[in-house]
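*Asks:* Below are the sequence and a predicted model; questions follow.
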Number of protein chains: 2
Amino acid sequence: MQNRIQELRKARKVTQQELADALRVTRQTIISLESGKYNASLTLAHKAAQFFGITIEELFVFEGDENL
Amino acid sequence: MQNRIQELRKARKVTQQELADALRVTRQTIISLESGKYNASLTLAHKAAQFFGITIEELFVFEGDENL
DNA sequence: GTCATATGTAAAGTTCACCTTACAAATTTA
DNA sequence: TAAATTTGTAAGGTGAACTTTACATATGAC
């Protein structure tokens, strides 16, 4: 699943560390999310969406529908 | 985090097993979600929201904001 | 060219989302 | 009331989300 975290973070000139602090996770978690290494939990997805002022559906790309 | 899964499932007269099949998880997962034993993953949250024809934000209750 | 800041990578550990199996209890239906 | 369906509970297992620590590289300021 893709997400727009890096795109939105850079647009707002926020560092990975600042975002990590705001979402109360480690910088590693931000890096892994941005690089697509794994998916956010629902809780983290919600916090991130709130941080950027958009909905979860707007922040994450559920394209194609990964369910058969 | 609360959710409206049980409420919506019953309103549609869908069994736990039918919902589990539709979301491609086990009935145990549905039971655990409905009983608040744990939170859905983002992927499962999305599938469930799609199943009920609503958004993730409408299906899950992020009240109070579980982040300090 | 050095210092600070920002980003990336790697490894090992913890927690939890989800699974499998099995059985018990409640509810519906005949 | 017996049978079938639905729901609940319990226990142990796997993988992934997230952590901690450490180091390496890139970028920009001075």
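*Replies:* Happy to help now that I have it.

*Asks:* The one helix or strand A:E58 maps to near chain B at all?
*Replies:* Secondary structure assignment for A:E58, by DSSP states H and E: helix A:56-59. Yes - residues of helix A:56-59 contacting chain B under C-beta under 8 Å from any C-beta of the partner chain: A:I56, A:E57. In short, each C-beta sits where N, CA and C put it, glycine included.

*Asks:* Now the helix ranked longest in chain A - C-alpha only, CSV.
*Replies:* As assigned by DSSP state H, the longest helix anywhere in chain A is helix A:42-52. Coordinates of each C-alpha in helix A:42-52 appear next as CSV, following Å, rounded to 0.1, in the frame of the first residue of the first chain:
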residue,chain,number,x,y,z
LEU,A,42,-4.7,2.0,11.9
THR,A,43,-3.9,4.2,14.9
LEU,A,44,-0.7,5.5,13.3
ALA,A,45,-2.6,6.1,10.1
HIS,A,46,-5.1,8.1,11.9
LYS,A,47,-2.5,10.2,13.7
ALA,A,48,-0.7,10.9,10.5
ALA,A,49,-3.9,11.9,8.7
GLN,A,50,-4.8,14.2,11.5
PHE,A,51,-1.3,15.7,11.4
PHE,A,52,-1.7,16.6,7.8
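
*Asks:* hang on, the earlier thing: list the helices and strands the helix holding A:E58 packs on?
*Replies:* helix A:42-52, helix B:56-59 (3 or more C-beta pairs under 8 Å, 6 or more residues apart in numbering or on different chains; DSSP states H and E).
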